[in-house]
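Novice: Sequence first, predicted model second:
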2 protein chains.
Amino acid sequence: MPKKIPGIRDIAKLAGVSIGTVDRVLHNRGRVSVESKKKILAIINEVNYKPNLLARSLVNRKKITIALIIPDYKLDEYWKQSQKGIEAALQAWNSYEIELLIFRFELEDTQSFLKATAKAFSAYPAGIIFVPIFYDRGLSFLKKCEEIELPVVMFNTYLPASQPLCFIGTDSVQSGVLAAELMDMITLNGSKMVILHFDEDLKNSAHMLEKEKGFRSYFSSSKRFPDLLTAVLNNTRHQYQKQLEKLFQENKIGGVFVSTSKAHRIGEFLEQQKMGGVKVIGYDLIPKNVELLKNGWIHFLINQNPRRQTELSINTLCNFLVNKTIPESQILFPLEVVTRVNLKSYLESDIH
Amino acid sequence: MPKKIPGIRDIAKLAGVSIGTVDRVLHNRGRVSVESKKKILAIINEVNYKPNLLARSLVNRKKITIALIIPDYKLDEYWKQSQKGIEAALQAWNSYEIELLIFRFELEDTQSFLKATAKAFSAYPAGIIFVPIFYDRGLSFLKKCEEIELPVVMFNTYLPASQPLCFIGTDSVQSGVLAAELMDMITLNGSKMVILHFDEDLKNSAHMLEKEKGFRSYFSSSKRFPDLLTAVLNNTRHQYQKQLEKLFQENKIGGVFVSTSKAHRIGEFLEQQKMGGVKVIGYDLIPKNVELLKNGWIHFLINQNPRRQTELSINTLCNFLVNKTIPESQILFPLEVVTRVNLKSYLESDIH
DNA sequence: GTGAAAGCGCTAACAA
DNA sequence: TTGTTAGCGCTTTCAC
């Protein structure tokens, strides 16, 4: 059955009106008699008309400017990965006139975040994508966007009690549960475990506390009740090294869960001290972690996939602005478990 | 700098020729003087001209028919999942006139495969996507396609020594290595392990032997040398149950690796026999496996993601036919590790 | 060897 | 309230 796909002029003909009228009801910009409208809608429904998005985009060729507000990647391997996601997304939309403005801020500098948002604002973008590292500032920025009805895609970090167009990221609590489950599987009964945060990050976001919460909650509902310590490490190498030495001297620790992408600091420490037998679970495929995973000083990495998160954030906003596709309010990524063996398949894959 | 994206008429103007001539060199369909061609190419290069794919697709509105040859999903949960991938891909291409013909064959019936390929052929598709479950038949079918220069995307099962447009799937050997690594992590030293194949599947494909190979290779290069048994189970419930009873009576087995999506058969058996403590690793998120993973009778599932494989296969072929995008010759999926805890994130995610 | 012109499906401005 | 028309960037036909 080579049934021709109905176009706007087909329904115009069927309804006995002109394409202009059909177009008016499609975009309900009024000035159509009630009966015409009814008839046209009926026919649209009947023949299951779907507008041709190609043609639509071709004629709507106004430039769309969007702003992306993310941490500076220069010194941060995690955010460096998002760069590839940006490129992939731009590639996908390169037949559309999308102008992507990127505003970067320093991960530990609230002022620079404020500056970035201000700059983004003054560029009058049609939509904004941002990473709300700083709780308060993020929330008030979101509010400001809402006021002028600017669509916002938020990613990576969840901001409770906010209502952006869409949140894209992982479930931090659940990722902590996962870490605990894995730890449970690979450590011996009776091992002490420690949850490690790094100071610099801790003050910035609720992320890490949620991960800890998840980690603890796993064991509170399991048959096993290991000793669970929490330690907050200082950011400077000299200091956290000392802290670690003390920690490991005073406790017989079988497993370490690092709440950020800095598991490599622990892996390095263990390697230096030649302390085999301690299981390490952390986050993200940044080069140093990858190296230690390969060498067996880190055992599992949970991949938060900043590349795909960034890519999907841009795609989602573009789809909304260009095709009026309304996204799910939350898009959660699967919690990816990376080991020494499947590491390569993750590093080489462009799919995930 | 609001630099206008150059279009075909811009380069025509710059080169002092008409757009017709520019188009002729773009698609080098000759009848252009050497100097015109040189000049135009130079300008294209200089201004970095990229054709607008929207406009191109809009004018090239001929219907494209593609054939998809896959196992029947009615009785097979694994293949049932591919259905969603088909829908997602069709959705993505719904502004293009893509006609997707689906030919299904029975998983254990070579004849039905032959019938499906014959039917697909006689529909004169512009491209073919197929799953080469049957080694010989698959290979000769591929050859036939090559002869008439029909582009072929092959997925799920790898066919050595073949050269399709693209293969999409996972690395079976490596997935076996991964299973072994996980097994190594969660079983005690001294445990015997068994690699289980199911008869019905074994004769069809090289898959399972590759998985076994990978599994064994892990231990042959590790510090641990556990007893590794291999067993081929019969397909009927009554028979494999007996085989399992015997197997577990005669051996103290600590871990079971099932080379297909039928780990649930082992999980059920263990549950019935109340044999806790045996670790089970298998493939795929089919409902029965999911249930047993939740209940702790299966410990890891490696997700081969038939939904995404199907979706990506269709997208890849369409992109080739519509936009002439030449894909990588192999697109390998990451090896996804699914546990009780991250299961939900996989089941609910539309991303992977 | 080249250019002019029609038209892909749709939007929007304008005329009636 | 409705119809007509130009044109988005490109391909293709046809006449020169």
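Specialist: In hand now; what should we look at? What you see is a predicted model; the values in this text were computed from it and never measured. Residues are numbered from 1 along each chain as shown, chains lettered A, B, ... in the order given.
Novice: domains for chain A, by residue range?
Specialist: With domains defined by automatic domain parsing, chain A comprises A:8-59, A:63-170+A:306-335, A:172-303.
Novice: Turn these into CSV, including distance to DNA strand D.
Specialist: The C-beta positions use only the backbone N, C-alpha and C, and glycine is treated the same way. As requested, these are exported to CSV (distance: least, CB to the nearest atom of the strand, whole Å):
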stretch, distance to DNA strand D
domain A:8-59, 3
domain A:63-170+A:306-335, 8
domain A:172-303, 38
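Novice: okay, those in JSON lines with mean neighbour count next?
Specialist: Listed next are those as JSON lines, based on neighbours: other CB atoms under 10 Å in any protein chain shown:
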{"stretch": "domain A:8-59", "mean neighbour count": "15"}
{"stretch": "domain A:63-170+A:306-335", "mean neighbour count": "19"}
{"stretch": "domain A:172-303", "mean neighbour count": "19"}
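Novice: and stretch A:5-20, anywhere near chain B?
Specialist: Yes: for stretch A:5-20, a contact with chain B is found by CB under 8 Å from any CB of the partner chain, at A:Ile5.
Novice: go on, stretch A:317-324?
Specialist: No: interface with chain B: stretch A:317-324 contributes nothing (CB under 8 Å from any CB), its closest point being 9.7 Å away.
Novice: Show residues contacting that stretch.
Specialist: For stretch A:317-324, the external contacting residues (CB atoms under 8 Å, 6 or more residues apart in numbering or on different chains) are A:53, A:56-57, A:60, A:64, A:66, A:89, A:93, A:96, A:98, A:126-129, A:151, A:153, A:165, A:325-327.
Novice: again with stretch A:292-300
Specialist: The contact list for stretch A:292-300, computed with CB under 8 Å, 6+ apart, reads A:179, A:182, A:186, A:263-264, A:266-268, A:270-271, A:279-282, A:289, A:301, A:337-340, A:343, B:185.
Novice: what do you get if the cut-off is 6 Å, keeping everything else the same?
Specialist: A:Leu182, A:Ala263, A:His264, A:Gly267, A:Leu270, A:Glu271, A:Lys279, A:Val280, A:Ile281, A:Leu301, A:Arg340, A:Leu343 (CB atoms under 6 Å, 6 or more residues apart in numbering or on different chains).
Novice: The third one belongs to a strand?
Specialist: No: secondary structure assignment places A:His264 outside any strand; it is helix (DSSP: H, G, I helix; E, B strand; the rest coil).
Novice: Need the contacts of stretch A:292-300 in JSON lines (columns: distance to B:Gly255).
Specialist: Formatted as JSON lines, the contacts of stretch A:292-300 follow (distance: CB to CB, whole Å):
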{"residue": "A:Leu182", "distance to B:Gly255": "17"}
{"residue": "A:Ala263", "distance to B:Gly255": "27"}
{"residue": "A:His264", "distance to B:Gly255": "30"}
{"residue": "A:Gly267", "distance to B:Gly255": "27"}
{"residue": "A:Leu270", "distance to B:Gly255": "27"}
{"residue": "A:Glu271", "distance to B:Gly255": "29"}
{"residue": "A:Lys279", "distance to B:Gly255": "19"}
{"residue": "A:Val280", "distance to B:Gly255": "23"}
{"residue": "A:Ile281", "distance to B:Gly255": "21"}
{"residue": "A:Leu301", "distance to B:Gly255": "23"}
{"residue": "A:Arg340", "distance to B:Gly255": "18"}
{"residue": "A:Leu343", "distance to B:Gly255": "22"}
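Novice: ok, which of the contacts of stretch A:317-324 also contact DNA strand C?
Specialist: Checking the contacts of stretch A:317-324 against DNA strand C by CB under 7 Å from any atom of the strand, the ones in range are A:Arg56, A:Asn60.
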